[in-house]
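>>> Next comes the sequence, and after it the predicted model I'd like to discuss.
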Amino acid sequence: MVIHGWPRSARHDESSAQDDREYRTAVLLNTLIPPRCICAQPISHDFLLCGACWKQLNFITHHCNICGTPYDPMVIEPCGGCKKRVAGSPVYGTSLVFYEGLAQTIITHFKYQKRFSHGAFIANHMYKSIKHNPFDAIIPVPMSFRRLLLRGYHHTAILAQHLSRLTEKPLLVNCLKKRHTKTQVDCKDKKERLNNLKHAFYINEKNKTHIEGKKILLVDDVITTGTTIYECAKILKKAGAFHVSFVTFARSRPSS
């Protein structure tokens, strides 16, 4: 039995007693409070969306085969951005849906309104896109301590925790850190976004050995310009990571 909003490891029988208690609690809650779609319609399956809402998600079907940037379906080569990067520096990644409409609503509810079942839904679908990818450890795009205090939880770390359970790969939350900056959405253009993140990310030297020589999967909820992901990847590679890839649930459409 799969519980609504609850990702279970394939090795659940070997999991800890705490995981068992959490799962039994999820079973009870699912019985007492049957799942409903985000549109409030009751649903009979262990899923966040009804059929009508599912059709509202705009999946990214054509994209760069390296960085995942969406583009014309007739193009099969790397995008212009990847071609410009020097050999050995591309960051491989994938995003599932366009950041618009219902996808934006799901992320907003999870990110700002504590709808944690939405986070489980997001992570379950991210897992399907990366379950065959080779990586050694998972790192969430970090949040500054000040913003964590204001929000009360680290939404990206929650996604990464779900993925860690599903993939049985270690979750590293104290390796990559972030200093407080203004939010990227408040920046006027690409130049300001780059300057805003300059020196924002850094490596916790105490835990540097956990990433040296490793293949790292970066996790975030959404990509807008890619500035944050690429800055994190650059810092991780500089600290000794062998390879860095990323996965996000949503991605903004490229500007025309």
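Everything's here; your move.

>>> What distance do you get for K178 to F201?
Per Cβ to Cβ, to the nearest Å, K178 is found 5 Å from F201. The C-beta positions use only the backbone N, C-alpha and C, and glycine is treated the same way.

>>> no, scratch that, I was asking about N195
Distance, N195 to F201, by Cβ to Cβ: 14 Å.

>>> more crowded one of those two?
The residue with more neighbours, out of N195 and F201, is F201; 20 against 12, by other Cβ atoms under 10 Å.

>>> From what I see, the more buried one and L176 are in contact.
Yes. Taking Cβ atoms under 8 Å as the definition, F201 is a contact partner of L176 at 6.3 Å.

>>> Need the overlap of contacts for those two.
Here F201 and L176 have 142, 232, 235 as joint contacts, going by Cβ atoms under 8 Å, 6 or more residues apart in numbering.

>>> can you redo the residues you listed as TSV with pLDDT?
Listed next are the shared contacts of F201 and L176 as TSV, based on pLDDT from 0 to 100:
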residue	pLDDT
P142	93
C232	93
I235	93
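
>>> Reformat these as JSON lines; add distance to L217, neighbour count and secondary structure.
Formatted as JSON lines, those follow (distance: Cβ to Cβ, whole Å; neighbours: other Cβ atoms under 10 Å; DSSP: H, G, I helix; E, B strand; the rest coil):
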{"residue": "P142", "distance to L217": "14", "neighbour count": "24", "secondary structure": "coil"}
{"residue": "C232", "distance to L217": "11", "neighbour count": "25", "secondary structure": "helix"}
{"residue": "I235", "distance to L217": "15", "neighbour count": "21", "secondary structure": "helix"}
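
>>> between those residues, which is closest to K55?
Nearest to K55 among those: C232, at 33.4 Å, using Cβ to Cβ.

>>> Spit out the contact partners of that closest one.
With Cβ under 8 Å, 6+ apart, C232 has these contacts: 139, 141-142, 176, 201, 218, 244.

>>> Who wins on neighbours among these?
Using other Cβ under 10 Å as the neighbour criterion, I139 leads those with 28 neighbours.

>>> OK, contacts around it?
By Cβ under 8 Å, 6+ apart, the residues touching I139 are 160, 171-173, 175-176, 211, 216-219, 232, 236.

>>> That one pairs with what?
L218 (DSSP bridges).

>>> Not counting its neighbours along the chain, what's nearest the residue positioned nearest the centre of the chain?
In the chain, the centroid-proximal residue (Cα atoms, centre = their mean) is D220; its distance is 3.1 Å. Distance criterion Cβ to Cβ, 6 or more residues apart in numbering; nearest residue to D220, sequence neighbours excluded, is V141 at 4.2 Å.

>>> and that neighbour, how far is that from R36?
Using Cβ to Cβ, V141 is found at 30 Å from R36.

>>> Show me how far the strand or helix carrying the residue nearest to the centre of the chain is from its chain's centre.
Using DSSP states H and E, D220 sits in strand 215-223. Strand 215-223 sits 5 Å away from the centroid of its parent chain (Cα atoms, centre = their mean, to the nearest Å).

>>> Now do that strand, average pLDDT.
Average pLDDT, strand 215-223: 95.
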